[in-house]
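In: Turn this into a structure:
(one chain, ligands or ions: 1)
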Amino acid sequence: MEPRASVKNLIPYVPGKPIEELERELGIGDVAKMASNENPIGPSPLAKKALLEHMARVNLYPDGSCFELRRKLSEKLGVPEDTIIIGNGSNEVIEIVARTFLEPGDEAIYGRHAFIVYPIVTQSLGCSHVVSRMPGLTHDLEDMLSLVTDKTKIVYMANPNNPTGTIVRRDEFEWFLERVPENVIILVDEAYFEYVDDPEYPDTLRYHSVRESLVTVRTFSKIYGLAGLRVGYGVASSDAVSYMNRVREPFNVNSAAQIAACAALDDENHVAESKKINCEGKKYFRSRLDELGIRYTESHANFFLIDIEKDPMPVYDALLRDGVITRPVGGYGLKTHLRVSIGLAQENERFIESLRGIIKR
Ligand SMILES: Cc1ncc(COP(=O)(O)O)c(C=O)c1O
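Out: Residues are numbered from 1 along each chain as shown. The predicted structure follows:
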């Protein structure tokens, strides 16, 4: 069967290696997965309890409108319920936005080292993706603006960006917002929002009142520890959300995900604890990487991008043999880097000790 031309040339998304695969391939138990920026402490106990109680009701279809989750998010975020759309992971929200608004021939702009789902989605719809440079591994908003044409429909901005961990600050964002024509959608992907501490980091929900064509996307996969259930959300104008609801599959978010996400929102302690462990992990990483003389980008999220300064695959493979899964990022145009998620203290130590041994060989 012949796929559409736009699909034939797609470069597939390569996920982090699953623990089970490494165990099968190398016969190693006790693997440290530091490849997909998941929460190493797991989900909130409240979410676990809610899931267990929910199990006997999975014979029923979920609430297709995600009413309760949208109600809770509306209360927490201070935005109207009809401006929220829930997705099967934030990945699906990104896809729904593209499927709702992109026409074949439209252009979408994204950063050269930005999250790889943006070009995949854009290209699969027969649209052109226009690549903006990222000097210093950060989005260059002046360059992005210079690439806007009459055909531009969406600008993607991951803030913090994956896999670089860098952020766009408030003054740059406001500068950009004022200059990008209103007919261009600015999609800000804030998958790591809850981890950021920088006082200049912009909360884009504050700008929806001044710009209609703005979409904020967040997830329960990262700090909330629910990656396996697949649930994320987008905030946009009520009109935009009503169009997106026409495109969305009727029961796109399963009931377990909805229940767990609602419970997770009630557990501020879990979020605080997750953030604390991440901050401690970051401090540890910085000091040890400095000691080892390994360069890294200043991360605002729950991972580090480290520069091996040569082909990183032998280091990646040697780490695998030590039972540590990291993520090569060649597909992001970063040919000498590895991305490593911040784990529990013992996982971080294991990664550093393994790396120390490998670079000394
Ligand atoms: C920047 C960014 N956006 C979106 C996602 C998708 O997350 P999910 O679909 O699990 O919500 C990820 C996942 O790693 C990410 O790094």
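
In: Name the SS class of residue 171, please.
Out: helix (DSSP: H, G, I helix; E, B strand; the rest coil).

In: What number of residues are in the vicinity of it?
Out: Neighbourhood size, residue 171 [other Cβ atoms under 10 Å]: 10. Just so you know, the C-beta spots here come from the backbone N, C-alpha and C atoms, and that holds for glycine as well.

In: That one touches residue 200, doesn't it?
Out: Yes: if you go by Cβ atoms under 8 Å, residue 171 and residue 200 touch, sitting 7.3 Å apart.

In: so residue 24 sits in a strand?
Out: No: according to three-state DSSP, residue 24 belongs to no strand; its state is helix.

In: what about it, how many neighbours?
Out: 10.

In: same check, this time on residue 295
Out: 13.

In: That one pairs with what?
Out: residue 307 (DSSP bridges).

In: residues in contact with it?
Out: By Cβ atoms under 8 Å, 6 or more residues apart in numbering, the residues touching residue 295 are 289, 306, 307, 309.

In: quick one: the second one and residue 136, what's the gap?
Out: Think residue 306. 16 Å (Cβ to Cβ, to the nearest Å).

In: Comparing those two, which residue is more hemmed in?
Out: Between residue 306 and residue 136, residue 306 has the larger neighbour count (other Cβ under 10 Å), namely 23 against 9.

In: Once you drop chain neighbours, what's closest to the more buried one?
Out: Distances taken as Cβ to Cβ, 6 or more residues apart in numbering place residue 296 nearest to residue 306, at 4.7 Å, with adjacent residues excluded.

In: tell me the domain boundaries of this protein?
Out: 15-42+269-360, 45-265 (automatic domain parsing).

In: May I see those domains organised as TSV, with mean pLDDT added?
Out: As requested, the domains of the chain are arranged in TSV below (pLDDT from 0 to 100):
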stretch	mean pLDDT
domain 15-42+269-360	95
domain 45-265	97
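
In: so which of these gets nearest the ligand?
Out: domain 45-265 (2.7 Å; Cβ to the nearest ligand atom).

In: Give me the contact status of the closest one with the ligand.
Out: Yes: contact between domain 45-265 and the ligand, assessed by Cβ under 6 Å from any ligand atom, occurs at 89, 90, 91, 115, 158, 162, 189, 191, 219, 221, 227, 232.

In: Which two among those residues are spaced furthest apart?
Out: 158 and 227 (16.7 Å; Cβ to Cβ).

In: higher neighbour count, those two?
Out: residue 158 (28 against 18).

In: and the more buried one, what does it touch?
Out: 111, 114, 115, 139, 188, 189, 191.
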